[in-house]
Structure formats: C-alpha cells, structure tokens
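For reference, the sequence and a predicted model appear below.
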Amino acid sequence: MTERGGQVRSRALQIILLFGLVSLLGDIMYEGAWAASGPFLLLLGGSATVVGLVSGLGELLGYGLRLGSGYLADQTRRYWLFLAVGYGMLVAIPLLAFAGSWEIAALLYLIERMGKGIRSPSKDAILSHVASGVGRGWGFALHEALDQVGAIIGPLVFTGVFVAGAAGLDGYRAGFLVLGLPMLLLAAALLAARIRVPDPVQMEQESGEVASGAGAGIPPVLLPYGLFTALSMAGFVAFPLIAFHLRAASVVSDAVIPLLYALAMGMDAVAALLTGWAYDRAGLAVLVVIPALNLPVAFLAFWATGSPTAALPAAALAAVIWGASLGAQETVMRAAVADLVPIRRRGSAYGIFNTVYGGAWFLGSVTFGLLYDQGLLLPLVLLSAVLQVLSVPAVLRLRVMAAAGPPR
C-alpha cells in the first residue's frame, strides 16, 4: 500500500468510526423504543394485528420515504441536511412516555420511522463513498457493529428500569424518558462528522475504487437483486410480533424480552463483521446467507416456544438467528448496492432498494400479524420458509448478471 493509500484508509476509518458513533446514539434511542413496542402497545390495548400493522407500516414508511429522499439527495447533493432532519425526528421517542392510547403511541412510532426514511439514503450514500477506502464490506461492517452497540444498550434501558422496581406502563414510560437523553450528544457527533467530511464523493474518487456499474443510470442487475430482497424480507418476521407472542403466550417475563432483543443486537454486530469480511472476498455469493438464516426463525419463535421445556431456549435461539440475519442484511445488502451502482445515482439506488426492502417487510408483517390473530401458527411458519427458499434463485441470477457486466 502506498503512503497516500494508507492516508486515505486511515482517514476513512476515522470517519467511519465517527459516523458509527452517530448511529450508536441513534440506535440507543430507537432500538430501545422498538424493543418495547410489542408489550407497550399490548398494555395500551393494541392487538397482535395492531402490532403487526404498526411495525409493518413503520417499516413501509421508513423505507418507502427513502425513494423520494434518496432522489432529492442525489439532485440537491444536500446529504447532510437530510441527515439532520431525519435524526431530529428522534424526538418522538421520549414523547412516547406521554402517550395515553395505542393510537398516539403508534403515531409516534411512525414519526420515528419517517425520520429514518428521510436520513437513511443520504447516510448510506455517504458511507458508500467513505467505505471505498477500506473495502465496502468491511466499511459497512464496522459501521454496523458500532451501530449495534447502541442497539444493545437501548433495550437494556428497559431491563434496568424494570429491575429498579418500575412495572407495567409506568416502567415503559420511565424507559422512554431515559432513551431521550442521548439526543444532544448525537447532534454534536453529527456536526463533528459533517465538519470532518464535507464532500464524501471526493473520498471515493481519492480511493480510486469506483462502482462497477457503468454510466449514470440504474443498472438492470438491480431487478433480480430487488426480487431477492422482496422475497427474503417478506418472509422475515418482525421482532415486535415475536415479542408480542412471547408476552401474550407467557413464554418469558417483561424483563426478559428486552434482554432477548439485546442478544439479537449483539449477534447482529458479530454477523456484520463476519459477513462484511466475507463479502470483500467472496462478493455477491455471501447474500445466500440471509435466507439461510431467516429459514428457522419463525419455527423457533412461534412453534418451538409452544413446548414448556423448550420455550426459553427456542426463544433465545430465535433471537440469536434473527439478529445474525439482520446484521448480514445491514452489511452485505447495502454494500452490494454501492458496488452495483455508479456514484451519481447512489442515493436514488439506495432509495429504490430500501423501498422494496420496507414494502416487502410491511406486507409480510401484516400478513403474519393476521395469521397470528387467527391462531394459524403453522401457516405462518410455512409461509416464512417458502418465501426464503424462493429467494435463492434470484441470488443465482444476480451473480450471473453481475459477472456478465453492464450491457453494451
């Protein structure tokens, strides 16, 4: 490695770590809030369908808005503005402490997801430029690992509140107030990152590693990639519904559910590092890990927990595998977009990708919630498994098209 190459890599690592701090603080807030969403909505009078609808609609808004925000970010190049607005909407989290009905709580959860939808394409675009200096798989993996430190801390807030003696709705309200504390530090870290890297595109140009996609358009290879994303995510059960089941079926106590989510987030970080490292060496083939991990989750979470002797181990294993899958999704699926799409359309491509990702997760979440309310657990488990199996041929087609290169 040349001296200049070493400088580029060192600077890229510094920025990824700083950017990771921003995400860490944000994750403390929203991951903690969403870890408690199922039981909290239940206590406010919501049903399993409500939980499925809120989590699914939240993901739909959070990902659907990225289509517009990604396009606008590309057109205006105001990536940092979109980040500031999006992170500002995290104020909805401490406001959950004052929600008096499941409808108000649902609205605040949706506002938080809207903020993520506004900021995410810009965040991913900036990271894709910066991570080119260290390898995109590893760059996204480092960011995701830091991100998940916050995702571990957030759910533990509620465990701490419950252990301290709070219970029921009062315990959840206290937890939401505590989750509001990182807001100011997050703003300071975001400003520091903005000062450090005012022009992220320049970093990718300095690294000499440019996406393989040719021209300024969205390449056709995103079609099988979108199909793979849609199928695998439609069959990926949302954690709020798993948490709802664990409480409604009295599988575990309120204090254990956040611990299981924290366990999932810890596995997310480990899986992100492993799959990111593998992606830089094996490329798109690593994507097949995602449906392989998704396959047993629904069975373990909803079927195996019906056995009294296996309930807690099955729930813990489901949380571990669920977190590992999420880590792979957040790392290799995002890195792949950057490698398939040229610089000038990076924000738009992330917007399209995330819209498909969130739309499929929304439809799957609502369907699973309805099946659960009807007591149809076996169809729920089978549907999840079938969708994962169907996603594999799309990965194979994606690899063939990517190897062939852009059309002439």
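Yes, it's here.

buried sites along the helix or strand G62 falls within?
In the assignment (DSSP states H and E), G62 maps to helix 48-76. If you call a residue buried by 16 or more other Cβ atoms under 10 Å, then helix 48-76 has these buried ones: 48-67, 69-74. C-betas here are computed from N, CA, C, even on glycine.

What is it packed up against?
helix 37-43, helix 79-88, helix 102-131, helix 239-248, helix 346-373 (3 or more Cβ pairs under 8 Å, 6 or more residues apart in numbering; DSSP states H and E).

and that helix with helix 239-248, angle?
Relative orientation of helix 48-76 versus helix 239-248 (axes from the mean of the first three to the mean of the last three Cα atoms, to 10 degrees): 160 degrees.

The closest residue to A292 other than its chain neighbours: which element?
Using Cβ to Cβ, 6 or more residues apart in numbering and skipping the chain neighbours, the partner closest in space to A292 is Q388 (7.8 Å). Assigned by DSSP H and E, Q388 belongs to helix 377-404.

Distance of L96 relative to S120?
21 Å (Cβ to Cβ, to the nearest Å).

re the thing from before, let me have the helices and strands packed on helix 48-76 in JSON lines, adding mean neighbour count and mean pLDDT as columns.
Below are these laid out as JSON lines (neighbours: other Cβ atoms under 10 Å; pLDDT from 0 to 100):
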{"stretch": "helix 37-43", "mean neighbour count": "24", "mean pLDDT": "85"}
{"stretch": "helix 79-88", "mean neighbour count": "20", "mean pLDDT": "91"}
{"stretch": "helix 102-131", "mean neighbour count": "24", "mean pLDDT": "89"}
{"stretch": "helix 239-248", "mean neighbour count": "24", "mean pLDDT": "86"}
{"stretch": "helix 346-373", "mean neighbour count": "24", "mean pLDDT": "85"}
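
Let me have the ones you listed in TSV, extended by distance to L146.
Listed next are the helices and strands packed on helix 48-76 as TSV, based on distance: least, Cβ to Cβ, whole Å:
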stretch	distance to L146
helix 37-43	23
helix 79-88	16
helix 102-131	12
helix 239-248	20
helix 346-373	19
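
Of these, which is nearest L231?
helix 346-373 (7.3 Å; Cβ to Cβ).

list the helices and strands the closest one packs on?
In this structure, helix 346-373 packs against helix 48-76, helix 102-131, helix 222-234, helix 239-248, helix 334-340, helix 377-404, with contacts taken as 3+ Cβ pairs under 8 Å, 6+ apart.

Using a markdown table, lay out these together with distance to A318.
As requested, the helices and strands packed on helix 346-373 are exported to a markdown table (distance: least, Cβ to Cβ, whole Å):
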| stretch | distance to A318 |
| --- | --- |
| helix 48-76 | 16 |
| helix 102-131 | 23 |
| helix 222-234 | 17 |
| helix 239-248 | 7 |
| helix 334-340 | 24 |
| helix 377-404 | 11 |
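
With V178 as the reference, name the closest of those helices.
The nearest among those, by Cβ to Cβ, is helix 102-131 at 16.0 Å.

tell me the contacts of the residue nearest the centre of the chain?
Taking Cα atoms, centre = their mean, the centroid of the chain lies closest to E330, which sits 5.8 Å from it. Residues near E330 by Cβ atoms under 8 Å, 6 or more residues apart in numbering: 140, 144, 147, 268, 272.

Can you select the buried ones among those for me in PyMOL?
Here is the PyMOL command that selects the buried residues among these (16+ other Cβ under 10 Å):
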select buried, resi 140+144+147+268+272
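
so of the contacts of E330, which ones are in helices?
140, 144, 147, 268, 272 (DSSP state H).

Could I get those residues in a markdown table, plus columns for pLDDT?
A markdown table is the format used below for the ones in helices among the contacts of E330 (pLDDT from 0 to 100):
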| residue | pLDDT |
| --- | --- |
| F140 | 86 |
| E144 | 83 |
| D147 | 84 |
| D268 | 88 |
| A272 | 90 |
